[in-house]
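[1] fold the following.
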Amino acid sequence: GTGILVCLGGAALAWYFYAKPPATVDFASGNGRIEATEVLISTKLAGRLDTVLAKEGDDVSLGQVLAQMDVTVLKANLREAQAAIGQATSRKAVALAAVDQRQSEITAAKALVAQRISQLELSAKEEKRTRQLYKGDFITGEKMDVDRTTTETNNAQVLAAKAQLEGAQAALEAARGGVLEAQAAIE
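    Below is the predicted model:
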């Protein structure tokens, strides 16, 4: 009798575990261990957190904002950078005006060189005529000295005008460098 009772109890238990339909269709059961991958989150810039929008254990999706930084300092840095751009833009405008001014100076210096060369050529011709007249005893040595001095003075003025032109050209290159520097600061 006991053997039949044990067999019937075993059969009832087997039927209970194996023949019984599952409680719900989408329910899964089993034994095992679940493991998760830990992900470290970092920011491009250091700063203070203003708001934390996700808590430990929350499900998150790709691209979801998890926290917001306090951007007060970043906004101040942006205003400072914008002001620097404004200053660089002003420096560029000044540098461009300096380029225009230097180009005008070069034009004026070239005209002065041409004028001085013309004066030198005239005084050299006059001195040559005076020398011929002096050799023939038609004029005094004083006139010869005046014409020679005039020619030497005009020659010195040509050299000075050429030096002024070179200085204006160097100033133009410096002004162009200022434009490039200001443009680099803007960029």
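
[2] after the lengthiest helix in the chain, next one along is what?
    Ranked by residue count and defined by DSSP state H, the top helix of the chain is helix 72-135. Heading C-terminal from helix 72-135, the first helix or strand you meet, by DSSP states H and E, is helix 141-186.

[3] circling back to that earlier point, helices or strands up against the longest helix of the chain?
    helix 141-186 (3 or more C-beta pairs under 8 Å, 6 or more residues apart in numbering; DSSP states H and E). Yep, even glycine has a C-beta here, placed from its N, CA and C like the rest.

[4] now do the helix it packs on, average pLDDT.
    Helix 141-186 shows a mean pLDDT of 92.

[5] return the helix or strand in this protein with minimum mean pLDDT.
    Every helix and strand of the chain was ranked by mean pLDDT, DSSP states H and E. The lowest is helix 2-14, at a mean of 76.

[6] so who does residue 185 touch?
    84, 85, 87, 88, 91 (C-beta atoms under 8 Å, 6 or more residues apart in numbering).

[7] between these, which is nearest residue 144?
    residue 91 (57.2 Å; C-beta to C-beta).

[8] how near is that closest one to residue 113?
    32 Å (C-beta to C-beta, to the nearest Å).

[9] ok, residue 175 next?
    Residue 175 is 20 Å from residue 113, by C-beta to C-beta.

[10] over to residue 82?
    In terms of C-beta to C-beta, residue 82 sits 46 Å off from residue 113.

[11] have a look at those two and say which one is more surrounded.
    residue 113 (19 against 10; other C-beta atoms under 10 Å).

[12] where's that one relative to residue 149, distance?
    21 Å.

[13] again, but for residue 58
    Relative to residue 149, and taking C-beta to C-beta, residue 58 is found at 99 Å.

[14] repeat that for residue 10.
    The value you get for residue 10 to residue 149, if C-beta to C-beta is used, is 142 Å.

[15] residue 107 too?
    From residue 107 to residue 149 the distance is 31 Å (C-beta to C-beta).
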